[in-house]
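A.B. asks: coordinates only, sequence not included:
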């Protein structure tokens, strides 16, 4: 018996020596749970959820379901009062009637109305006016209080710079995605007062309006007016979970996010009025839940991981903006944010099995993840300005390296009732989610801190 014990002791010492010399044996790579993905999607994008409309009871139910899944996966609550739900109460003022832009000069005099020749995205007050400045280059100095006409084909980085340079109003040719949905967007009255637009009025111009404004002389006075409706109190719901890190790196946070809302009940198309939002963004929500399942089932990562499913993204990022001021962790501790948006179908613009990252050229995050196995490439649709069109942008503007993972291929089901489960590519979705496990685990356990490249910070 003593000989057996000595032999067993020798084997233990040999095993310890092997671990020290050769490192721990590799753990099996985590696999996507096909049944988990299917069951989560079947609930989130079902007709019973009525399209998870922003700020509706259906959105609140969705957030509650997501919180229950985080609990099931061993993730601690990060919401209000020890729960998984963060309730945002937002006071809004919207225009009571369509705003009007008026101008005169060089023989031109016009009054243009929101929804006809223009789309007004936001106003800081009921009346905004200033002299016209035609911007030729984004290197030109912006005149404080000017109404700035942006040249055609401007990129979103340039637009963002003008928004923060003191212009009173920004006039921009409507991008294709707005032209295609002009009638739908026209029905939404713009918010008056503080918003994600800051202190600027943002007005999109039809092609007719672009031609007319271009003929005005520099300095021509332009005014936008609207009457504000009474204040509206709105609520939205975020679902938040926290997986605490294991060591000194625990005060560094990786934020994994998606938005859980969609358009709810809307205009019927072929008799269907439920905008299920299967790809947008039940797929991204499911990806975050799968990451929570995988990370919650193993040893805690070195860094803390926060799982955030935001409400009311479709209403202008209301949930993510609330999160900025009510985060369960200090914002400065967030090392990186990966948002997951529309990964339910492959994008024919990239190779099979690939995902793309918005703002690839802005930071070193995408290349680093790709070096560690992520099948990530640059966004093949730069003209769509997707970097600015998801919840990641509110964090990016606060300095966080925040980018969105997607495979949206500009399919015609976008923001239509037909964005339903019948159009989901289940094999692609399983492979897409599974391919990101290893790179995210590496990020959560590494010392790597992504940075914005020179001149590329929003």
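C.D. replies: Yes, it's here. Since the structure is predicted, the reported quantities are computational estimates derived from the model, not experimental observations. Residues are numbered from 1 along each chain as shown.

A.B. asks: Quick one: list the elements packing against the helix or strand that contains residue 121.
C.D. replies: Assigned by DSSP states H and E, residue 121 belongs to strand 118-123. When contacts are defined as 3 or more Cβ pairs under 8 Å, 6 or more residues apart in numbering; DSSP states H and E, strand 118-123 sits against helix 182-186, strand 191-192, strand 201-205. All C-beta spots, glycine's among them, are computed from the backbone N, C-alpha and C.

A.B. asks: Mind doing that once more with 6 Å?
C.D. replies: Contact partners of strand 118-123 among helices and strands, from 3 or more Cβ pairs under 6 Å, 6 or more residues apart in numbering; DSSP states H and E: strand 201-205.

A.B. asks: Tell me which other helices or strands the strand it packs on touches.
C.D. replies: Looks like strand 201-205 contacts strand 118-123, strand 169-173 (3+ Cβ pairs under 6 Å, 6+ apart).

A.B. asks: TSV for those, including mean pLDDT?
C.D. replies: Formatted as TSV, the helices and strands packed on strand 201-205 follow (pLDDT from 0 to 100):
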stretch	mean pLDDT
strand 118-123	89
strand 169-173	87
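
A.B. asks: The strand holding residue 121 to strand 201-205, inter-axis angle?
C.D. replies: 170 degrees (axes from the mean of the first three to the mean of the last three Cα atoms, to 10 degrees).

A.B. asks: following strand 118-123, which helix or strand comes up?
C.D. replies: Next along from strand 118-123, by DSSP H and E: strand 127-134.

A.B. asks: buried sites along whichever helix or strand comes after that following strand?
C.D. replies: The C-terminal neighbour of strand 127-134 among helices and strands, as given by DSSP H and E, is strand 147-149. Buried residues in strand 147-149, counted by 16 or more other Cβ atoms under 10 Å: 147, 148, 149.

A.B. asks: and the second one, what is it in contact with?
C.D. replies: Residue 148 sits next to 133, 135, 162, 167, 170 when contact means Cβ atoms under 6 Å, 6 or more residues apart in numbering.

A.B. asks: could those be laid out in CSV, adding neighbour count and distance to residue 46?
C.D. replies: Below are the contacts of residue 148 laid out as CSV (neighbours: other Cβ atoms under 10 Å; distance: Cβ to Cβ, whole Å):
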residue, neighbour count, distance to residue 46
133, 23, 50
135, 21, 47
162, 22, 43
167, 24, 45
170, 24, 40
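
A.B. asks: Could you identify the least confident member of those residues?
C.D. replies: By pLDDT, residue 162 ranks lowest within the contacts of residue 148, coming in at 63.

A.B. asks: And the helices and strands packed on strand 201-205: which comes nearest residue 312?
C.D. replies: strand 118-123 (15.5 Å; Cβ to Cβ).

A.B. asks: could you give the angle of that closest one to strand 169-173?
C.D. replies: Using the same axes, to 10 degrees: strand 118-123 against strand 169-173 is 140 degrees.

A.B. asks: next one: strand 118-123 to chain centre, how far?
C.D. replies: Offset of strand 118-123 from its chain centre (Cα atoms, centre = their mean, to the nearest Å): 21 Å.

A.B. asks: and what of stretch 377-392?
C.D. replies: The answer for stretch 377-392 is 10 Å, by Cα atoms, centre = their mean.

A.B. asks: Using neighbour counts, pick out the buried residues of that stretch.
C.D. replies: So for stretch 377-392, counting by 16+ other Cβ under 10 Å, buried means 377, 379, 381, 384, 385, 386, 387, 388, 389, 390, 391, 392.

A.B. asks: Would you list the phi and psi of residue 251?
C.D. replies: phi -80, psi 0 (degrees, to the nearest 10).
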